[in-house]
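>>> only geometry, no sequence info:
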């Protein structure tokens, strides 16, 4: 009887553990090593930005060029010298700090301080001077086809046909725009640097493709 009691005492903890519900731990598939590979063919591009076309081709904006990669071949397209002679240039080699592939497979590229279009191998200027741009340049295509461009001191909206554009927001004195995105409802969100260690998040309601008046903005 005593042995039976001792055996029950020994097994009781095991029974308690056994009745605990099992919750499987799912590994993050993006962290699986087999999903990552080093593409030697892309080495040396000096890429600063990228986007993906509908057919899966990757486009890169680089220092002095743009490039496409279909998974096998890299094709590099240096900036057109005639184009560079007409746009705002800073000292040193020009770079593409933002790039987006449009639905018709043409490319919008922010080269230094100018927004340019590459369509069927030809270059044209969309906005001559967008304002100060460094690595903060971002391009987003909205669901209505409009293109939103953020640089360090300005937020632009360009019509889907690229025929007209407007500057919808400018940074204040001693501030810089850091990031911009569109949410699922089509509203905009801007992160603005307001000090060395401080920033603000601003919600920009967009109705019918147009930015609501500033009194409707919400700051976080």
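Alright, I've got the coordinates. The structure displayed is predicted, hence computed values, not measured ones.
>>> can you read off the pLDDT for residue 16?
pLDDT, residue 16: 53.
>>> surely residue 112 touches residue 95?
Yes. Counting by CB atoms under 8 Å, residue 112 touches residue 95, with 7.0 Å between them. For every residue, glycine as well, the C-beta is placed using N, CA and C.
>>> show me the contacts for the spatially most central residue of the chain.
Central residue of the chain (CA atoms, centre = their mean): residue 138, 6.1 Å from the mean position. For residue 138, the contacting residues are 98, 149, 150, 179, 180, by CB atoms under 8 Å, 6 or more residues apart in numbering.
>>> check residue 79 too.
Here residue 79 is in contact with 64, 65, 66, 94, 111, 123 (CB under 8 Å, 6+ apart).
>>> go again with 7 Å.
By CB atoms under 7 Å, 6 or more residues apart in numbering, the contact list for residue 79 reads 64, 65, 94, 111.
>>> among the residues you listed, which are in strands?
Per DSSP state E, strands hold the following members of the contacts of residue 79: 65, 111.
>>> mind putting the contacts of residue 79 into a markdown table with neighbour count, pLDDT and distance to residue 194?
Putting those into a markdown table (neighbours: other CB atoms under 10 Å; pLDDT from 0 to 100; distance: CB to CB, whole Å) gives the following:
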| residue | neighbour count | pLDDT | distance to residue 194 |
| --- | --- | --- | --- |
| 64 | 14 | 90 | 34 |
| 65 | 18 | 92 | 35 |
| 94 | 19 | 88 | 30 |
| 111 | 26 | 92 | 29 |
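>>> relative to residue 50, which of the contacts of residue 79 is nearest.
Nearest to residue 50, judged by CB to CB, of these is residue 65 at 13.1 Å.
>>> so what's the residue count around residue 203?
Neighbour count for residue 203, taken as other CB atoms under 10 Å: 15.
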